[in-house]
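Trainee: 3D model of this:
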Amino acid sequence: QVRLVESGGGLVQTGGSLRLSCAASGRTFKNYAMGWFRQAPGKDREFVATISCSGGDTYYATSVKGRFTISRANAKNTVYLQMNSLKPEDTAVYYCAAQEKICYSSNGSPRLYDYWGQGTQVTVSS
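Mentor: Got it, this is the predicted structure:
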């Protein structure tokens, strides 16, 4: 069992930056592939980025590639999402998720993830 808690969301102007953090409980964090997803009002949950157990492999949605960076610190049981050049269309609730079955997959389906945080709101004003 893994408990995930996101933080770092907030209100930022277009072009600004935010760094989200996701703290995980448990001793086996290093065995989970981690992902970030987002959900805007009235829309389905959308894949943003994923990172392998070791941190050596990452994969991004086309909409955020080159602007967002996912990273992890296994010694701190934490995964991060650095978001730069933010746009109004990035406004959403951002969720982190853990996948225990495999260490890496570029498949961004939410159904592959086993544990979810409660989400943190990111609002980008124009």
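
Trainee: the residue most central in space within the chain sits in which helix or strand?
Mentor: Geometric centre of the chain, nearest residue: W36, 2.1 Å, by C-alpha atoms, centre = their mean. Per DSSP states H and E, W36 falls inside strand 33-39.

Trainee: please apply the same query to V124.
Mentor: Going by DSSP H and E, V124 is in strand 120-125.

Trainee: then F47?
Mentor: Going by DSSP H and E, F47 is part of strand 46-51.

Trainee: ok, now which ones touch the nearest residue to the residue nearest to the centre of the chain once chain neighbours are set aside?
Mentor: Spatial nearest neighbour of W36, chain neighbours left out: V48 (4.2 Å); criterion: C-beta to C-beta, 6 or more residues apart in numbering. Quick note: C-beta positions are derived from backbone N, CA and C, even for glycine. V48 makes contact with G35, W36, F37, R38, Y60, A61, V64, F68, I70, L81, Y94, according to C-beta atoms under 8 Å, 6 or more residues apart in numbering.

Trainee: and the gap between the residue sitting furthest away from the middle of the chain and C96?
Mentor: Residue farthest from the centre of the chain, counting by C-alpha atoms, centre = their mean, is S126 at 22.9 Å. For S126, the distance to C96 (C-beta to C-beta, to the nearest Å) stands at 26 Å.
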